[in-house]
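A.B. asks: Fold the following for me, if possible:
(chains A and B)
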There are 2 protein chains.
Amino acid sequence: MSLPLSSGQTLYQQLADSFAEAIHQGTLKPGKRLPAIRRVAQSHQVSINTVLSAWQLLEDRGLVEARPQSGYYVRGVLPAVKPPLRPLTAQENDPSAQKLALIEQVFAAQHHPDYTNISLACPQDSELFPAARLGRITASLIRRDGDMIGRYALPPGSERLREEIARRSLHSGLNLTVQDITLTHGCMEALQLALRAVTKPGDCVGLESPTYFFLFPLLASLGLKALEIPTDPQEGLALDALEMLLQEQRIQALIAMPGAQNPLGYVMPLANKQRLAKLVNTYQCPLIEDGLYDELQFDWPLSPPVKAFDHEGWVIYCTSFTKTVAPDFRIGWTAAGRFHAAIARLKAVSSMTESRLLSETLAEFLASGGYDHHLRSLRRRYAANLDAARGIIARHYPHGTRATLPRGGFVFWVELPGKVDTVEMFHRLLQEQICVTPGALYTLSDRYKHALRLSCCYPFDARYTWALKRTGALACEITGIAPGQDQGLPLRPQVV
Amino acid sequence: MSLPLSSGQTLYQQLADSFAEAIHQGTLKPGKRLPAIRRVAQSHQVSINTVLSAWQLLEDRGLVEARPQSGYYVRGVLPAVKPPLRPLTAQENDPSAQKLALIEQVFAAQHHPDYTNISLACPQDSELFPAARLGRITASLIRRDGDMIGRYALPPGSERLREEIARRSLHSGLNLTVQDITLTHGCMEALQLALRAVTKPGDCVGLESPTYFFLFPLLASLGLKALEIPTDPQEGLALDALEMLLQEQRIQALIAMPGAQNPLGYVMPLANKQRLAKLVNTYQCPLIEDGLYDELQFDWPLSPPVKAFDHEGWVIYCTSFTKTVAPDFRIGWTAAGRFHAAIARLKAVSSMTESRLLSETLAEFLASGGYDHHLRSLRRRYAANLDAARGIIARHYPHGTRATLPRGGFVFWVELPGKVDTVEMFHRLLQEQICVTPGALYTLSDRYKHALRLSCCYPFDARYTWALKRTGALACEITGIAPGQDQGLPLRPQVV
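C.D. replies: Model prediction:
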């Protein structure tokens, strides 16, 4: 390339500056050889002498050293450049952006080995997953048909996986066919496509309160308004309130998580699910049903999704294998009823389709049995983790603390007594390298300032336990309330 | 689950009906065993006797047969159900939906082993890709750190891959850092996110004409208007026309593919690229630069992207490894300049991030060398394929046929003489199991009714050659013009 000419600089100075920047930014690391002179000359369309002059300038500046017969190397005397955790500034015109910035801090900390996360719903305990078996299946697919890596994956994506999903759907009362299913990039993309299919900017979408934190920035990004509907920590969405909203046409779509809700953990009673299905069909309001934790319900038989009672196709069922089988694969799916064709098209023009290698790995896992066995052990583990975590909270959190009793999944909701702002707690704990998520993330209102969502999808080890206890100790310190000592929190409290 | 009660039906009849439907739809295939009675009783919340009665009813209807000591099996006398290629009805309110339905027919045919595709830009010639090497890397990653399959992948995604992309970017004049790059689900998602980041519904987006067919439904899905800008088959976008549009603020964003454009195949001259960069920076109009084929340019050194001259960050560079290394992985990336933070956030709430297993496979491939060697052989192969295809067109297509001379990639553009409607040709060829894409897909106007886009990313074998010739023969038949016999088409014609 020709370098863009800045005034007063010669070509070789510009070239040197551009490589100096790469060294300072860490793109070229200490000890690495600079690219071959001939190659740089070609790609930057300058002479070999220009490159040589640039390299010598870098040497003069102490950034590189020449090694005889070998070339120029980035000098080791430089401190290793580690990019700082970028402080992400909130967009002023987006009320949810500030919260998003908070989530980004949590994400960044999750990556950092020194931080202990007791809050995200992002399984990191790889022992809980059949990683070894999936790995063997992937490796075997590569041996048998490695060529698939070199073939373009086209919509609608792996038929084998959609077949397996359809077969399993018989057991949850969905009775889907291969043609009803669209594969997506995790449940998040399913929700995004569903929203885009059924709303237009300016529309209002009903949400549970509290609800999954990413829904707020997602709605904002699509120009949609959020309307938070009262939600009982055991029964779920207040259906009378919902019916009034539907009658008054105040919402154009609804997102709900009737099976093992995030963050409360409740499972909506069957009769309520049936009524919810009837309501959205009667009022012809699309329900985006997030079934992410449906298969992680603790009670057997599993309660069927609202979609099972959806006679006119107004329910868009969204889910994923990300929380149950293969967190890394990010393969989800949606059965979108009357919106199927619209969503299948949106998927194609939005991100085409999913990798066949990963899809068929999952298909083979599902076909070869053992999925239900795996789910049972996952449920047992999460239920045990939740009990243990609640035990710690009962003993170490301020007297009067309340917590939900999840009927599935691995997240739960804690409300602290007294005067406390959990966003402040979040920042203080972050300094101690502990990550929690404050209630403020789960609403656009200020009604959950005293709440925290916690999660049990991490290894339940000494470090996790320590962080959980330390969070309680800080809450006691801030509120000035002594810990519960097994009395403040009933062993299995029923409500928030 | 409790079955929704239809009037006048008993429980076991409903259960039987629901399984009969599954059998008719092919979800339960002939020869398969019905699920265990106890399990169905549990999951449908009915008694074991109810399930038994339902199975007997299915047996009476001839749908299943009981095998002693074994269970109930779906009867083999049923014809194997193969879902028909669903005729996809166009959405009335979306002018691009009819075209999308056409594309879906092409996609469906691409999956079908009896069809010969000579048109899609979806590499199926796995020999062209380092599938075996990638497969070995994936398998080795699984051996070394298979646990990663069981760990949640979080934004911003694999740092190793972003490091490798940043390092390579030095050679194309981009000089990116790890923090400038957002991984996406292919280039398609990068384009989608970029559009969502810089436009609002009602905005108008400038496009090359002709342009990539999925841009029209993508714009429509986001409530955006398309404005097609005259595009020279050698020089690209008419920059004077563009400048007028920018002055008059008639477009709020621009999508262009200055390096090896789809469908024309031109590479925009360097001076034009520099002027384009200056224009969008001066008028502060975001340019979404689709660099999908940049590394498949035939001339060396590669011409740098417009992004290399982007001083104020108005260019959003989008590209992918899908056409160059691993079609199945669908991993792309964007360097979005001043829109980086906005796009990184949109990615997180739209589909979270990419699989670490696949990302690190690519990273290791890039780090271990051989990528440039692979690209060189890919370029040689495509250039040779294109020459051969143009030779066939010169001899077998109507006298007066014109074709572009691509400077990169593997698609090219053919304009037929005389009276011909290539949509009609498309349908006739589809009956002969040959897939082409008509010019009508590449515009919202009717100016390319006589054009076809063809592609050379398929094995250049007897079958491909036959389909290419047959398409020419049909064109001769329709136009009544004799084939060129090496005279109509110059060996290397320069323009459309």
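A.B. asks: burial measure for the residue lying closest to A:P305 once chain neighbours are set aside, as a count.
C.D. replies: Counting by C-beta to C-beta, 6 or more residues apart in numbering or on different chains, A:G291 is the residue found nearest to A:P305 once chain neighbours are left out, at 5.1 Å. Just so you know, the C-beta spots here come from the backbone N, C-alpha and C atoms, and that holds for glycine as well. Neighbours of A:G291 under the rule other C-beta atoms under 10 Å in any protein chain shown: 25.
A.B. asks: Extract the C-alpha set from stretch A:176-185 and format it as CSV.
C.D. replies: Extracted in CSV, the C-alpha atoms of stretch A:176-185 (Å, rounded to 0.1, in the frame of the first residue of the first chain):
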residue,chain,number,x,y,z
LEU,A,176,-42.4,-30.3,16.2
THR,A,177,-41.2,-31.3,12.7
VAL,A,178,-37.9,-30.6,11.1
GLN,A,179,-39.5,-27.8,9.1
ASP,A,180,-40.7,-26.0,12.3
ILE,A,181,-37.2,-25.4,13.6
THR,A,182,-34.7,-22.7,12.9
LEU,A,183,-31.2,-23.1,14.3
THR,A,184,-29.7,-19.9,15.8
HIS,A,185,-26.5,-18.7,17.3
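A.B. asks: what pLDDT, on average, does it get?
C.D. replies: In this model, stretch A:176-185 has a mean pLDDT of 96.
A.B. asks: Quick one: mean pLDDT over stretch A:411-419.
C.D. replies: Stretch A:411-419 comes out with an average pLDDT of 92.
A.B. asks: Tell me the spacing between the residue nearest to A:P305 and A:E248.
C.D. replies: Distance of A:G291 to A:E248, computed by C-beta to C-beta, to the nearest Å: 28 Å.
A.B. asks: What are the neighbouring residues in contact with A:F329?
C.D. replies: By C-beta atoms under 8 Å, 6 or more residues apart in numbering or on different chains, the contact list for A:F329 reads A:L134, A:F321, A:T322, A:L358, A:T361, A:L362, B:I149, B:S355, B:L357.
A.B. asks: same thing but 6 Å
C.D. replies: A:F329 makes contacts with A:L358, B:S355, as judged by C-beta atoms under 6 Å, 6 or more residues apart in numbering or on different chains.
A.B. asks: where along the stretch 301-450 of chain A do the helices fall?
C.D. replies: Listed in chain order, the helices of the stretch 301-450 of chain A (DSSP state H, counting those that start in this stretch) span residues A:340-351, A:356-367, A:371-396, A:422-431.
A.B. asks: And these, which one averages the lowest pLDDT?
C.D. replies: With a mean of 91, helix A:371-396 has the lowest mean pLDDT of the helices of the stretch 301-450 of chain A.
A.B. asks: Which other helices and strands does it contact?
C.D. replies: Counting by 3 or more C-beta pairs under 6 Å, 6 or more residues apart in numbering or on different chains; DSSP states H and E, the packing neighbours recorded for helix A:371-396 are helix A:462-479.
A.B. asks: residues near the closest residue to chain B within the stretch 351-496 of chain A, how many?
C.D. replies: At 4.0 Å from chain B, A:S351 is the closest residue in the stretch 351-496 of chain A, using C-beta to the nearest C-beta. Neighbour count of A:S351, defined by other C-beta under 10 Å: 28.
A.B. asks: Same check on the one 3 residues further on?
C.D. replies: In terms of burial, A:E354 registers 31 neighbours under the definition other C-beta under 10 Å.
A.B. asks: same question, A:N272
C.D. replies: So A:N272, with other C-beta under 10 Å, has 18 neighbours.
A.B. asks: looking at the helices of the stretch 301-450 of chain A, which is closest to B:P483?
C.D. replies: Shortest distance between B:P483 and those, using C-beta to C-beta, is found for helix A:340-351: 36.5 Å.
A.B. asks: buried sites along that closest one?
C.D. replies: For helix A:340-351, burial by neighbour count (16 or more other C-beta atoms under 10 Å in any protein chain shown) applies to A:H340, A:A341, A:A342, A:I343, A:A344, A:R345, A:L346, A:K347, A:A348, A:V349, A:S350, A:S351.
A.B. asks: May I have it exported as PDB, CA atoms only?
C.D. replies: What follows is helix A:340-351, C-alpha atoms only, in PDB (Å, rounded to 0.1, in the frame of the first residue of the first chain):
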ATOM      1  CA  HIS A 340     -41.500 -19.400  11.200                       C
ATOM      2  CA  ALA A 341     -40.900 -18.300   7.600                       C
ATOM      3  CA  ALA A 342     -40.200 -14.700   8.700                       C
ATOM      4  CA  ILE A 343     -37.700 -15.800  11.300                       C
ATOM      5  CA  ALA A 344     -36.000 -18.300   9.000                       C
ATOM      6  CA  ARG A 345     -35.500 -15.500   6.500                       C
ATOM      7  CA  LEU A 346     -34.200 -13.100   9.100                       C
ATOM      8  CA  LYS A 347     -31.700 -15.600  10.200                       C
ATOM      9  CA  ALA A 348     -30.400 -16.200   6.700                       C
ATOM     10  CA  VAL A 349     -29.800 -12.500   6.000                       C
ATOM     11  CA  SER A 350     -28.600 -11.800   9.600                       C
ATOM     12  CA  SER A 351     -26.000 -14.500  10.100                       C
END
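A.B. asks: That one versus helix B:340-351: what angle between them?
C.D. replies: Inter-element angle recorded for helix A:340-351 and helix B:340-351: 150 degrees (by axes from the mean of the first three to the mean of the last three C-alpha atoms, to 10 degrees).
A.B. asks: and the residue in the stretch 251-400 of chain A that chain B sits nearest to, what pLDDT?
C.D. replies: The stretch 251-400 of chain A approaches chain B most closely through A:P304 (3.5 Å), counting by C-beta to the nearest C-beta. pLDDT for A:P304: 95.
A.B. asks: Check the burial of A:L224 by counting its neighbours.
C.D. replies: Each residue near A:L224 was counted by other C-beta under 10 Å, and the total is 22.
A.B. asks: Return the residues in contact with it.
C.D. replies: Residues in contact with A:L224 (C-beta under 6 Å, 6+ apart) are A:T199, A:D203, A:V205.
A.B. asks: repeat that for 10 Å
C.D. replies: Counting by C-beta atoms under 10 Å, 6 or more residues apart in numbering or on different chains, A:L224 touches A:195-196, A:199-205, A:215-216, A:218, A:252-253.
A.B. asks: Then A:S368?
C.D. replies: A:R133, A:I137, A:E164.
A.B. asks: gap between it and A:E295?
C.D. replies: 17 Å.
A.B. asks: Spatially nearest residue to A:L375, not counting backbone neighbours?
C.D. replies: Among residues not flanking A:L375 along the chain, A:E295 sits closest, at 5.5 Å (C-beta to C-beta, 6+ apart).
A.B. asks: One more: A:M148?
C.D. replies: Once flanking residues are discounted, A:M148 sits nearest to A:R356: 5.2 Å by C-beta to C-beta, 6+ apart.
A.B. asks: What about that neighbour, how many residues nearby?
C.D. replies: A:R356 has 26 neighbouring residues, counting by other C-beta under 10 Å.
A.B. asks: Give me every residue in the stretch 351-496 of chain A lying close to chain B.
C.D. replies: Within the stretch 351-496 of chain A, the residues that sit near chain B (C-beta under 10 Å from any C-beta of the partner chain) are A:S351, A:M352, A:T353, A:E354, A:S355, A:R356, A:L357, A:L358, A:S359, A:T361, A:D372, A:C457.
A.B. asks: how about a cut-off of 8 Å?
C.D. replies: Contact residues (C-beta under 8 Å from any C-beta of the partner chain) of the stretch 351-496 of chain A with chain B: A:S351, A:M352, A:T353, A:E354, A:S355, A:R356, A:L357, A:L358.
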